[in-house]
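Colleague: whatever this is, show me its structure:
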Amino acid sequence: MLFRSEAVALDPTFRRAWAELVSTLTYLNFYGDHTELTRRAEEALERLKALAPDSVEYRIAQAAYLYNILKDYDRADKIITEVTNQYPSDVRALELRSWIERLQGDFDAKLASARLAVELDPRNPVWSDIVLRMLVMMHRYDDAWSEMEGPIQETYRVGYTRNLLRFREHRDFGRLEA
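Modeller: Modelled structure (predicted):
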């Protein structure tokens with residue numbers, strides 16, 4: 001969060017930094033127990049609104065505030081869907097949309113969003129991890145195996161999923177522990 005605060009201090013017109021600051025402050029206060037974070041997020045959101053009320057950055061920040069603070073998932077979904085329709089390659093907007101999809105129980109949509117994010121941001125291993133996690137959660141184990149056989153970065157999640165899927169076949173707790 002510090003670098004976002006520094007970024008807006010260095011350039012008060014840096015809209016993406018303002019949006020990321022709002023998103024971070026609201027994310028950190030998802031459970032609503034830090035009123036200071038909410039106040040700071042609201043101030044940052046107002047600054048961004050004054051700077052660029054029709055910008056994609058303001059709409060992303062607004063959706064993050066609705067999602068994380070107000071828990072108004074339907075309004076957040078409406079805004080972020082408009083943003084992703086207008087700017088389909090905005091990975092940050094896609095990330096927020098995927099959170100909303102998961103929260104609303106639309107796992108197929110969340111998986112599709114994660115797959116699109118892998119295409120848009122292939123060097124970010126987080127997206128491949130999310131694809132694997134969704135496939136396992138949806139009990140699509142063969143698809144998870146196929147995903148790991150493709151060009152995927154080796155991460156803790158990949159190794160963990162590989163071990164779980166092997167355990168599913170051999171059912172040997174000793175091998176799993178080793």
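Colleague: distance of Asp77 from Leu103?
Modeller: 9 Å (Cβ to Cβ, to the nearest Å). (C-beta placed from N, C-alpha, C; glycine too.)
Colleague: ugh, wrong one, Asn85
Modeller: For Asn85 relative to Leu103 (Cβ to Cβ), the value is 20 Å.
Colleague: tell me how many other residues crowd the residue nearest to Gln86 when sequence neighbours are not counted.
Modeller: Sequence neighbours aside, Val56 is the residue nearest to Gln86 in space, at 7.2 Å (criterion: Cβ to Cβ, 6 or more residues apart in numbering). Using other Cβ atoms under 10 Å, Val56 is surrounded by 19 other residues.
Colleague: helices of this protein, residue ranges please.
Modeller: All helices of the chain, identified by DSSP state H, fall at 2-10, 15-28, 35-51, 56-65, 73-86, 91-103, 107-120, 125-137, 141-149, 156-170, 173-177.
Colleague: now those in TSV, with mean pLDDT?
Modeller: TSV is the format used below for these (pLDDT from 0 to 100):
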stretch	mean pLDDT
helix 2-10	70
helix 15-28	91
helix 35-51	93
helix 56-65	96
helix 73-86	95
helix 91-103	93
helix 107-120	95
helix 125-137	93
helix 141-149	90
helix 156-170	86
helix 173-177	77
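Colleague: quick one, what contacts the spatially most central residue of the chain?
Modeller: Nearest to the mean C-alpha position of the chain, by Cα atoms, centre = their mean, lies Glu95 at 3.4 Å. Contacts for Glu95 (Cβ atoms under 8 Å, 6 or more residues apart in numbering) come out as Ala117.
Colleague: again, but for the one 4 residues further on
Modeller: Applying Cβ under 8 Å, 6+ apart, one finds that Trp99 lies in contact with Tyr67.
Colleague: where's it relative to Gly159, distance?
Modeller: Trp99 sits at a distance of 25 Å from Gly159 (criterion: Cβ to Cβ).
Colleague: again, but for Arg168
Modeller: Arg168 is 15 Å from Gly159, where distance means Cβ to Cβ.
Colleague: ok, now Ala17?
Modeller: Counting by Cβ to Cβ, the gap from Ala17 to Gly159 is 35 Å.
Colleague: more neighbours: which of the two?
Modeller: Per other Cβ under 10 Å, whichever of Ala17 and Gly159 has more neighbours is Ala17, with 22 against 11.
Colleague: isn't that one up against Ala7?
Modeller: Yes - Ala17 lies in contact with Ala7 (Cβ atoms under 8 Å); the separation is 3.7 Å.
Colleague: can you pull the contacts of the closest residue in space to Phe30 that isn't next to it in sequence?
Modeller: With Cβ to Cβ, 6+ apart as the criterion, Phe30 has its nearest non-adjacent residue at 5.0 Å, and that residue is Asn68. The contact partners of Asn68, by Cβ under 8 Å, 6+ apart, come to 23, 26-27, 29-30.
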